[in-house]
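Student: output the structure for:
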Amino acid sequence: MGKLECYVGIDLGTTNTTVSIAYLSPTGQLQAETLDIGQVDEYGNYIEEKLLPSVLYIDENSIPYVGRYAKKMARMEPQFTASKAKRYIGEDKKYRWKMANGQYFTPSEVSSFYLKAVKNAVEKRFLGQKIDGAVITIPANFNFQQQGATREAAVLAGFDRNKIIMIPEPTAALIDFLNQEKGASDQYSAFDLNSGPKNILVFDLGGGTCDVTIHRVSRNHNGGFDITELSISQYTELGGTDFDELIMRKLMDKWLHKMMTEKHLTKQQFQALSQHVRLQIRESLLAMAEEAKVQIANKINMTLQMNLNGKSYVELSDEQKKEMDSYNFVQLMANVPEDLRVSLHITKAEIDEAIRPLLDAQYAYEEKKCIEYPIRNAIKEARVPLTMDDIDYVFLVGGMTYYPTVQERIYQLFGRRVVPLMPVNSMYAVSRGAAIYHYNRNRIRLSNIDEIGKTGITMPQNIYIDVFEGEPVTLIKKYTEVPFQKTFANGFYVTGGEHSDYVTEMELELFTADDPKAMERKFLQNAVLEFSKPVRVGAPLTIHLDVDQDRNVTVSAWLTEDETQKIHVNFGIPEYDDDKKQQIRNLQDHLR
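Tutor: Next up, the predicted model:
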């Protein structure tokens, strides 16, 4: 039997991971199917579900768990579990999690276990055939180090470096939606491309990041779509976990009030609780916050019976809003000592009040921790002049957009002019779209546009090198088309310590910002240059930058005076030796 063609899309999420495959149906229609992923549930039973919670727990016997059991252990032993790795990927030198077996793991290493679990699921579906290629989605505004670290995680999971394709999450979700639209009649179509190209704003609010992109979409001559990227919002660490945090704080207030009034807990007794018990209380309330949000959203959406299988926003009357504000969630706390366990309730109105700072800029604690910011930033930073009125459609994706108050706020921001659109089963839209793209790369053309009309894939941020006692050097500008090469023959010199005439390595400080002199900078991992033999401080350096079609960045360097001097350059992307790779893979062999 010959090897089957496998078209795989992976949504490596902050809170949940999914995997889909694409194939042609017997009627010739391109379809995507989200696969079940094997994992252990809260009770120790092996199960298969489409959502894999992005949580890792490794017990004292070095048995790794991902998914629901690991999520349970995050409440019971939070000090020995890893979650939200996606928020920290690309910063592996700063962030590490300790497991119960005493080992430490970086964000890339943690993520590799989720990718291994989905790889296992795909291989099971294809009867044991080895799968080494996939389209993996990333936030549209990930920098090259975050993208590179994600690629390394996939390599650790057993994927072939040369068969890993990365596309932005909003683009993948849009591809899935367009694929569904192809099968809909004009009567039930969510938008009309027959009258010409349309500007579509994609608002992707997932578990840990908020991506806003603007695309110009049109049909092409071969029956596919041209998706032209007009804008990418700045990287925004805003997601469902931030909403859960604010709801948890409201529940914490309720817990404290109930403990003090019903169980007569004193302030001194509370302060005497161990750090471990406090962590258990926090994690229990955090789980309750997430469950309250999901259950209330499910109840409302089922009540409304959303039109067009969930694609259309339903505007509520004042009477309906009042009724739904009273929807109530009640639950007994779990995984905390018996004497600290109480039953708590919270209403939709209380949840909405708690999360208001994340929805409305005038109540925001931080400018960028509000959904308004990435929307307005995407409009402002678009590569062609745009206003809110130029947006033809708003497309919502990501688990948090399922919450009705988020939908309502988006509708308000666009002056109640543009009705928000939603995909069927938005939790799976990104991986489905990635699988469709994997299958149909030649018929879906992804491009970017600049003010003079050129097309091509571009970089999402400016990247600068901070130069000692000099102006920052622009390494690459935002919206520079790739592939791209540039050689810097002037301006770089070997630097060293105050008392060193010769050094064996040096660092280059990298950052992103709106411009090189901006006060607000996001510092990246430093690039490290390692010399094969001691080099004189002050010797001139030549640096060569190479960015490929997938925005992967590689840098080479040499001494301007001696090109034979070998210099190893690590541009802030994790590197693993064979021993480390084998250590990770040995653990993955026992993954549950």
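Student: quick one: the helices in the stretch 151-300 of the chain?
Tutor: Across the stretch 151-300 of the chain, reading from the start of the chain, the helices by DSSP state H, counting those that start in this stretch fall at 169-182, 240-262, 267-271, 275-304.
Student: just the stretch 401-550 of the chain next, same as before
Tutor: Assigned by DSSP H, counting those that start in this stretch, the helices in the stretch 401-550 of the chain fall at 404-413, 426-439.
Student: contacts for the first one, please.
Tutor: Which is helix 404-413. The list of residues contacting helix 404-413 from outside it, by CB atoms under 8 Å, 6 or more residues apart in numbering, reads 203, 205, 297, 300-301, 313, 315-316, 324, 348, 351-352, 355, 359-360, 371-372, 375, 388, 394, 396, 400-401, 418-420, 422. Using the backbone N, CA and C atoms, a C-beta is placed for each residue, glycine as well.
Student: chain center to it: distance?
Tutor: Shown here is helix 404-413, whose average C-alpha point lies 22 Å from the average C-alpha point of the whole chain (CA atoms, centre = their mean, to the nearest Å).
Student: where does the stretch 251-400 of the chain dip in pLDDT?
Tutor: Under the criterion of pLDDT under 70, the regions of the stretch 251-400 of the chain flagged as low confidence span 305-313.
Student: please redo it, this time with the cut-off set to 50
Tutor: Under the criterion of pLDDT under 50, the regions of the stretch 251-400 of the chain flagged as low confidence span 307-311.
Student: before we move on, the earlier item: make a markdown table out of the helices of the stretch 401-550 of the chain and add mean pLDDT and distance to Leu524.
Tutor: Formatted as a markdown table, the helices of the stretch 401-550 of the chain follow (pLDDT from 0 to 100; distance: least, CB to CB, whole Å):
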| stretch | mean pLDDT | distance to Leu524 |
| --- | --- | --- |
| helix 404-413 | 95 | 31 |
| helix 426-439 | 94 | 25 |
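Student: now for the ones you listed, which one comes closest to Gly196?
Tutor: Distances from Gly196 to each of these were compared by CB to CB, and the smallest falls on helix 426-439, at 23.1 Å.
Student: so that closest one versus helix 169-182, what angle?
Tutor: With axes from the mean of the first three to the mean of the last three CA atoms, to 10 degrees defining the directions, helix 426-439 sits at 80 degrees from helix 169-182.
Student: tell me which other helices or strands helix 426-439 touches.
Tutor: Using 3 or more CB pairs under 8 Å, 6 or more residues apart in numbering; DSSP states H and E as the contact criterion, the elements in contact with helix 426-439 are strand 8-12, strand 16-24, strand 30-34, strand 134-138, strand 164-168, helix 169-182, strand 393-397.
Student: ok, and which of those has the densest surroundings?
Tutor: The densest packing among the helices and strands packed on helix 426-439, expressed as mean neighbour count by mean count of other CB atoms under 10 Å, is seen in strand 8-12 with a mean of 29.
Student: what pairs with that one, parallel or antiparallel?
Tutor: On the basis of DSSP bridges, the sheet neighbours of strand 8-12 come out as strand 16-24 (antiparallel), strand 134-138 (parallel).
Student: quick one: it to chain centroid distance?
Tutor: Remark: strand 8-12 is offset 12 Å from the chain centroid, using CA atoms, centre = their mean.
Student: equivalent analysis for stretch 329-338, please.
Tutor: 30 Å.
Student: using PDB, write out every CA atom in it.
Tutor: Coordinates of the C-alpha atoms in stretch 329-338 are reproduced here as PDB (Å, rounded to 0.1, in the frame of the first residue of the first chain):
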ATOM      1  CA  PHE A 329     -23.800  30.000  37.800                       C
ATOM      2  CA  VAL A 330     -23.400  28.100  41.000                       C
ATOM      3  CA  GLN A 331     -20.600  25.600  41.900                       C
ATOM      4  CA  LEU A 332     -18.900  24.100  44.900                       C
ATOM      5  CA  MET A 333     -15.200  24.700  45.100                       C
ATOM      6  CA  ALA A 334     -13.000  21.700  44.400                       C
ATOM      7  CA  ASN A 335      -9.400  20.700  45.100                       C
ATOM      8  CA  VAL A 336      -9.100  22.800  48.300                       C
ATOM      9  CA  PRO A 337      -9.100  21.700  52.000                       C
ATOM     10  CA  GLU A 338     -12.600  20.800  53.300                       C
END
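Student: buried set for that stretch?
Tutor: Neighbour counts using 16 or more other CB atoms under 10 Å place 329, 331, 333, 335-336 of stretch 329-338 among the buried residues.
Student: in stretch 283-296, what's buried?
Tutor: When neighbours are counted by 16+ other CB under 10 Å, the buried residues of stretch 283-296 are found to be 283-290, 292-293, 296.
Student: ok, which pair from those residues is furthest apart?
Tutor: When the buried residues of stretch 283-296 are compared pair by pair using CB to CB, the maximum separation belongs to Glu283 and Ile296, at 20.7 Å.
Student: okay, and the helix or strand of this protein with the least pLDDT?
Tutor: Of the helices and strands making up the chain, the lowest-confidence element is helix 307-310, at a mean of 44, by mean pLDDT, DSSP states H and E.
Student: show me what counts as buried in the helix or strand just after that one.
Tutor: From helix 307-310 onward toward the C-terminus, using DSSP states H and E, the following helix or strand is helix 318-325. Neighbour-count burial for helix 318-325 flags Met324 (criterion: 16+ other CB under 10 Å).
Student: heads up, I number from 13, so please use that
Tutor: All set: I'll call the first residue 13, so the last point we hit is now helix 330-337.
Student: other SSEs contacting helix 330-337?
Tutor: The elements that helix 330-337 packs onto, with contact taken as 3+ CB pairs under 8 Å, 6+ apart, are helix 360-371.
Student: after the helix it packs on comes which helix or strand?
Tutor: Along the chain past helix 360-371, the next helix or strand (assigned with DSSP H and E) turns out to be helix 384-392.
Student: hmm, who's touching that next one?
Tutor: Among residues not part of helix 384-392, those counted as contacts by CB under 8 Å, 6+ apart are 213, 215, 222-226, 243-246, 248, 250, 371-373, 376, 379-380, 398-400, 403, 422, 425.
Student: and those residues, which of them are buried?
Tutor: Neighbour counting with 16+ other CB under 10 Å marks 213, 215, 222-226, 243-246, 248, 250, 371, 376, 380, 398, 403, 422, 425 as buried within the contacts of helix 384-392.
Student: so which of the residues you listed belong to strands?
Tutor: 213, 215, 222-226, 243-244 (DSSP state E).
Student: coming back round to it: which among the buried residues of stretch 341-350 gets closest to Thr118?
Tutor: Looking across those and measuring by CB to CB, the closest to Thr118 is Asn347, at 27.3 Å.
Student: which secondary structure element contains the closest one?
Tutor: Assessed by DSSP H and E, Asn347 sits outside every helix and strand.
Student: now Ala94
Tutor: In this assignment (DSSP H and E), Ala94 forms part of strand 93-95.
Student: I'd assumed Glu517 was in contact with Glu542.
Tutor: Yes - counting by CB atoms under 8 Å, Glu542 touches Glu517, with 4.7 Å between them.
Student: my guess is Leu487 meets Leu557, correct?
Tutor: Yes - between Leu487 and Leu557 there is a contact under CB under 8 Å: 6.2 Å.
Student: where does this structure dip in pLDDT?
Tutor: Per-residue confidence for the chain (pLDDT under 50) gives these ranges: 13, 319-323, 461-467.
Student: would you map out the domains in it?
Tutor: Here the domain parsing of the chain from automatic domain parsing is 20-180, 252-375, 471-582.
Student: out of those domains, flag the one nearest Ile596.
Tutor: Closest to Ile596 of those, according to CB to CB: domain 20-180, at 5.3 Å.
Student: where along the stretch 413-562 of the chain do the strands fall?
Tutor: With strands called from DSSP state E, counting those that start in this stretch, the stretch 413-562 of the chain shows them at 456-461, 467-470, 475-478, 485-488, 493-494, 496-505, 514-524, 534-535, 539-548, 552-559.
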